[in-house]
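1. Below are the sequence and a predicted model; questions follow.
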Amino acid sequence: MTAANKNEPDADSSADAIVTACGYLTAQADLEREAAEVLSGKFDECTFDQGYVHQPLYACLTCTRPPENYRQDGILNNVERPSEPAGMCYSCSIECHTGHHIVELFTKRHFRCDCGTQRLLPQTSEGSNGQCCQLKKLRTELQNIKNSGNTYSHNFWGFYCRCDKFYDASTESGEMIQCFVCNDWFHDACIGKVPDEESYSDYICRECVGKHAILRYMNTNNMICGTVVDGRVTHVVANSAIHDASTDPAPADEGDTEEPVKKKTRSTGCRQRQDLDVVDAKQPFDLFMVDGWKEHVCTCIDCMREIERSSLEFLVKEEDVVEPEEDEPRSESLYESALRQLQTMDRAQAVDAAAAYHTLSSRLKDYLRPFAASGKVVTNQDIHTFFEQNDKNNL
């Protein structure tokens, strides 16, 4: 019996390493299909010119540098000194920050894209601010803009909840619930007792309830109060509001067949019937709002003044979220598209393209031959080096 040569590859592993052309094209098609599902929207236009809007946002931890208490091991920054937080739109997160450490912030209100502005100009190797945004390359004046109307929080460093923890999807357990008002996300364990998911539509955190009187004194059947004891909701109770028909809008005539206009008008009497002193004496509480609750927000003169003073107009107005335009699904793979494009060329162009491909293929084979002979693994850096050398040869 002879000992196996340790330098010889295992037969099973060698078989696994063989990839047929058919298998490669199938794998490539699967990757393209997966990418289309994840990035289903077009990303060729920045939302900056739309101003401060409600939109999906992203933060780049590569192009910003958090303060020490928010810094994470393993995340490399292009910025040498601590910077201010910044956010960007969906398109810029793809066009300008591919390959960077991106944090998905989901939707936030009244925000204008920071990419290319004073907040998001990463340091170049020479130490000066470099142009970041690939969608606004000609907008040099952006470098002096700071988007002072934006609001930032620990979310822009990847931290969430009142426990102030970094969110890692690979290790996170439990559920995260977003506050309707501040848009921060909270662990269900940090909230405490949470009603069944089907019984409420929106969550309002205790911090927002304590901050805004219009929320603290709200009195409607369309909400569930969660009393907070020792930092956790211990029990939830559906609110029992005293209904006053005098505050309801007048019923439409039976003969009127037109669709009523959905416009929130100011009521003459305040719907907040709760004793304010009694409410203020209560334990802190979270609110779990039942579907349709916004229709019951008081719109009397005093309450509307409070709403406008606190920039809470979204409590009484419908919100439009600026979503990326849906991209048309591809009916063919990139390989099929390339073949079709080749067929549209005239003979001279097709011959030149085929010759260029043959030259690139020959150079790549020659470059990889030593790796095959020595059994060395080909890394991403090796491939980058090849294309850098190839570009120099073509000069």
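-> Sure thing, it's come through. Residues are numbered from 1 along each chain as shown.
2. what's the burial count for the nearest residue to His296 once chain neighbours are set aside?
-> Nearest residue to His296, sequence neighbours excluded (C-beta to C-beta, 6 or more residues apart in numbering): Thr220, at 3.8 Å. Heads up, the C-betas are built off the backbone N, CA and C, glycines and all. Per other C-beta atoms under 10 Å, the neighbour tally for Thr220 reads 19.
3. Are we agreed that Thr220 is in a helix?
-> No. Per DSSP: H, G, I helix; E, B strand; the rest coil, Thr220 lies outside any helix segment and is coil.
4. where exactly do the helices run in the stretch 251-395 of the chain?
-> Applying DSSP state H, counting those that start in this stretch to the stretch 251-395 of the chain gives helices spanning 276-280, 301-309, 334-344, 347-374, 380-394.
5. Which secondary structure elements does the longest one sit against?
-> Think helix 347-374. Under the contact criterion of 3 or more C-beta pairs under 8 Å, 6 or more residues apart in numbering; DSSP states H and E, helix 347-374 touches helix 380-394.
6. List the residues that contact Ile102.
-> Tyr58, Ala59, Cys60, Leu61, Ser93 (C-beta atoms under 8 Å, 6 or more residues apart in numbering).
7. Recalculate using a threshold of 6 Å.
-> Neighbouring residues of Ile102 by C-beta atoms under 6 Å, 6 or more residues apart in numbering: Tyr58, Cys60, Ser93.
8. Which members of those are positioned in helices?
-> Those of the contacts of Ile102 mapping onto helices are Ser93, per DSSP state H.
9. Would you mind listing where this structure has pLDDT under the threshold?
-> Along the chain, segments meeting pLDDT under 70 span 1-41, 122-132, 137-138, 240-269, 271-281, 327-343, 345-347, 380, 395.
10. try 50
-> 1-9, 11, 13-16, 123-130, 242-252, 254, 256-263 (pLDDT under 50).
11. Quick check on the contacts of Ile102: which are buried?
-> The neighbour count (16 or more other C-beta atoms under 10 Å) marks Tyr58, Cys60, Ser93 as buried among these.
12. Give me the nearest residue to the last one, chain neighbours excluded.
-> Read that as Ser93. Closest to Ser93 by C-beta to C-beta, 6+ apart is Tyr58, at 3.9 Å.
13. residues near Gly74, how many?
-> 5.
14. Which stretches in this structure count as strands?
-> With DSSP state E, the ranges of strands along the chain come out as 53-60, 102-111, 159-160, 165-166, 176-178, 185-187, 202-204, 223-229, 232-238, 285-289.
15. As CSV, could you dump the C-alpha coordinates of the last one?
-> Which is strand 285-289. The C-alpha trace of strand 285-289 is given here as CSV (Å, rounded to 0.1, in the frame of the first residue of the first chain):
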residue,chain,number,x,y,z
PHE,A,285,-45.9,54.7,27.6
ASP,A,286,-45.5,53.6,24.0
LEU,A,287,-48.3,53.8,21.5
PHE,A,288,-49.3,51.1,19.1
MET,A,289,-51.6,52.8,16.5
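16. what's the spacing between Cys46 and Pro324?
-> Counting by C-beta to C-beta, to the nearest Å, the gap from Cys46 to Pro324 is 11 Å.
17. can you tell which of the strands of the chain is closest to Ser83?
-> The closest of those to Ser83 is strand 53-60. By C-beta to C-beta, the value is 10.6 Å.
18. relative orientation of that closest one and strand 102-111 in degrees?
-> Per axes from the mean of the first three to the mean of the last three C-alpha atoms, to 10 degrees, the angle that strand 53-60 makes with strand 102-111 is 150 degrees.
19. This completes my enquiry, with thanks.
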